[in-house]
Each structure stands twice: as structure tokens, then as C-alpha cells.
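Participant: Please find the sequence and the predicted model below.
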Amino acid sequence: MNKITIYSKKITPRLTYVLDFIFKQIYKVTYTLTDNPLEFPKNISFKINYSNVDFDSSALFIPAEGLLFQKSITDRTFDELVKQAKTTKKMDFFSIIFLFLSRYEEYRPFKEDKHGRFSSSESISHRFNLLQVPIVDICLDRLKEIIENKFPQLHLSNSSPQFQPTFDVDMVWSHLHKGALRQVGSSLKDLMRNNYSTIVERVKVLFRFKKDPFFSFDYLKNIHLKYQLNPIYFFLVANYSRFDKNISHQNKYQQKLISKIANTCLVGLHSSYYSHNRKNLIVTEKKRLENIIHQKIEHNRQHYLKLSLPKTYRWLIATGIKHDYSMGYAETIGFRAGTAHSFYWYDLIKEQTTDLRIHPFQVMDVSLKNYLKLTPEEAVSVTINIVDQIKKHGGTFHLLWHNSSFDEKEWKGWKEVYEAIIKYATHQLLPNHPLKVF
């Protein structure tokens, strides 16, 4: 039986959290943890010594640098630890993995962006040029190699790559079903800005001479059937505000659409712009969506990706959310938590593992076009690099797109980008997929 015994001079919630992630979730192997050095050297086949003293030559020695034995958030830098992760195999694998998964850096003071978010430029990954590198997953591969070299009879599992397209539905329609006041107000704004083409488009859509440019759901159904993919849809059902501009959750046409999609796809909540620090908004919006689809809502993504740790995640847990998909950056692509694997959120203030599972995403359409200012060709190229990283190191490629990003006026050529990405990702990450896409 594959069973590893791990010695540590101290057993802490931080250590248990990271060991569960590494050995139970990723390697699929049983482990026991002891702080008794006298018991450790006895007749045990597979042993790891996580301490400051290499006292047993038959054990794999991993030096403990101290992060996992602390109980507070300090202002220390972790530069040396990250440098080791980039350059050597002699490192504290457990601490580096915990550092990224716990989002330790997001609990410390940082310069917020204009939406109050933690930006990539504030991150350790940015400082060490690791934003497009899954450093946690690379460490997992290195550690696996070291363990199996030390113990050839021990075989640890490999993580098979996966692909999950997701959609944020901020606005179902660009023009339809918005009511007379909003239509008039929008037209007046367009007049003031000389957006005459938008006024013409609005008239054509309202009189059914043209399809609403945001309503891409028929296309999405067909393209996902073609590639046999099952996307997740996150719907915004908030009250109208400056940043929450969907039509009323009571609109019967929108309710019909959401219910129809929920019959075949997973539907989650797209919690509103101000919900990141207001529990009552999450409660209200979650109940609205549950009443529409008559299903329990357990999946969430924050609108504008607004997270305030630990508050936002605590509110999500309190309202019954089990899975969150907000872990990624708006202004760039890559690995915010250093991994493409899902993981349970660790509450650093309470020092405890929670049952909220975090599903990090790596690529968003708005990041590619609006923030990075990439051409369609460049967008496909940089995304392929992310997919290749995940193919090599495992995890799930979570692609974040919007139904509104198929508007040919504002997003000309990006429909082809989406299909090119899902075609490549399906082929590379799902080798046993029943559909041959190449």
C-alpha cells in the first residue's frame, strides 16, 4: 500500500492544509503526520522529514523554512523562497505552495486598482516574471520526481489536464427588453457622442430587422455541441447600478432564457459589483437566481472579479456557495494563485481550511482585447502558451468569455478567436474526447 509518513517538528493547520492538497488531492496517496522524532525512524518504507535537521538518511529531507509554523501574517518578503522555486530543487516545497494558494500577499497592504482590486503588478509573480508560469504545478512535478527517485517503489498519480469554458452574462441583450426610459436615455447619450451607427442598430434590433448583437446563445449552443463541451454560465441578476447594467431579474424573457440554459448547463451566480463586501447582496441575488431556475445555486463568480479577502469568501460560504471562479486577473492572463488546479480556500485570519473550492481561471476575453490590446492573432498565440503549460503540468484550463464578445461591431474577428481557442484546448487537453477536432 502506498502510504507516506511525514515528520514535522510541529503540526499546524497550515501544514495539514498544504499536505492534504499535495498528497490527497494531487498525488492521490495516503499520508500520516507525526511530530515524534523517536517514532519516525522505525520500520517505515516511505518517509519525509520536514524539519531543520536531516537526522534520518532513509527519509527524504525537505528543509522547513518556517512559514507553515507561524500563526500570523507578517511583512516579511518571500523573495528567497521564490528564487529557490525558480532555480533549485533544494527548497521548501510545502511553504512555496502554501504561499501561493493561501493568497498570503493579498492580506497585506497593497495599492488597489480603480475598482479596488488586487492587481497583478502588486504580486510576487509579477516581480519574478511568473504570471504566465504555474509555479505551484511546476513545484508539484519537481516534488513528485524527487519522491519517486528516492522511493522507486512508490508511484504517485499524475494530474490529467481538463478544459472548462465559462461565460459571464453581464447583459443578455444590448438593446432588447430594456424599457422605454432606458432606450430613450441610451439614444440621447449616443446622439451626444455622435454614435449614429448605434442608434441605427438599436432601431433595427427593436423592429426585429436585425438580431441583438449580445444575444449569442444560439451560436454558443451550436459551437459547444460541435466540440462536445459543457460550459458554465454565470448570470448577473443584481439591481441596476453604474456597474450592474443587466435588465431586471423579473423580465420574463430573461427568466425563460436562464431556465432554458439551466436545463442543459451548469448555471452559477454572477454576484454584483458591490457584493464583494456586502453579504446581503449575495443572499438576495442568489435567492433570485434559485427562484428562476428552481435549483440550488452553489457556484459563483464575482462581477468585475472583485475580491476582498477574507470578507468576500466568508460571505460566499455563509450563503451556501461551494465553488468560486473569481481567482484570476482582469488586466492580464495567467496564474494568479500559481496553479491551474482547484483548491480549498484557506482562511489565513482564522487559520483554518474551509469547504469553499476555488477554481482559478487563466484567460479572459476582456483581458486579451481591452487590457492587453492584442490582435485576434496575438490573442490566440498567448492563449496557446497557457494551454500548453496546463497540458504539461496538469490542472484545468478555465476560459472566461462573455456573450457580448461576439458583437461583430465591437469584437470583429473575436468569434474566430473563441473557436480557435476551444478547438486547440479540446485537442490538447482532452485526448480521449470523442470528437476528433483536428
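Facilitator: Arrived safely, thanks for sending.
Participant: alpha carbons only for contacts and neighbour counts from here, please
Facilitator: Noted.
Participant: quick one, phi psi at residue 8?
Facilitator: Residue 8 has phi and psi values of phi -140, psi 140 when expressed as degrees, to the nearest 10.
Participant: these two touch, right, it and residue 38?
Facilitator: No - counting by CA atoms under 8 Å, residue 8 does not reach residue 38; the two are 12.0 Å apart.
Participant: Mind checking which of those two has more residues around it?
Facilitator: Each of residue 8 and residue 38 has its neighbours counted (other CA atoms under 10 Å); residue 8 has more, 21 against 7.
Participant: gap between residue 352 and residue 323?
Facilitator: Distance from residue 352 to residue 323, counting by CA to CA, to the nearest Å: 17 Å.
Participant: More neighbours: those two, which one.
Facilitator: Neighbour tally, residue 352 and residue 323, criterion other CA under 10 Å: the higher count belongs to residue 323, 23 against 14.
Participant: hang on, isn't the more buried one packed against residue 360?
Facilitator: No - counting by CA under 8 Å, residue 360 is not a contact partner of residue 323; they are 10.4 Å apart.
Participant: Follow the chain on from the helix or strand hosting residue 221 and name the next helix or strand.
Facilitator: For residue 221, the enclosing helix or strand under DSSP states H and E is helix 217-226. Proceeding N to C from helix 217-226, the next assigned helix or strand is strand 232-235, under DSSP H and E.
Participant: List the contacts of that following strand.
Facilitator: Applying CA atoms under 8 Å, 6 or more residues apart in numbering, the set of residues contacting strand 232-235 from outside is 164-170, 258, 265-270, 300-301.
Participant: For ChimeraX, write the select line for the buried members of the residues you listed.
Facilitator: Burial among the contacts of strand 232-235 is assessed by 16 or more other CA atoms under 10 Å; the matching ChimeraX selection reads:
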select :164,165,166,167,168,169,170,258,265,267,268,269,270,300,301
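Participant: So what would you say the end-to-end distance of stretch 391-406 is?
Facilitator: Using CA to CA, the gap from the first to the last residue of stretch 391-406 comes to 27 Å.
Participant: Quick one: mean pLDDT for that stretch?
Facilitator: Regarding stretch 391-406, the rounded mean pLDDT is 98.
Participant: what's the answer for stretch 106-114, then?
Facilitator: 96.
Participant: List the contacts of that stretch.
Facilitator: For stretch 106-114, using CA under 8 Å, 6+ apart, the contacting residues are 73, 75, 118, 119, 122, 309, 310.
Participant: contacting residues for the last one?
Facilitator: By CA under 8 Å, 6+ apart, the contact list for residue 310 reads 107, 347, 348, 349.
Participant: Look at residue 36 and give its secondary structure.
Facilitator: coil (DSSP: H, G, I helix; E, B strand; the rest coil).
Participant: residues making contact with the helix or strand hosting residue 284?
Facilitator: Under DSSP H and E, the secondary-structure element containing residue 284 is helix 279-293. Contacts with helix 279-293, where a contact means CA under 8 Å, 6+ apart, come from 237-238, 249, 255, 258-259, 262, 269, 271-272, 274-275, 296-297, 312, 315-316, 319.
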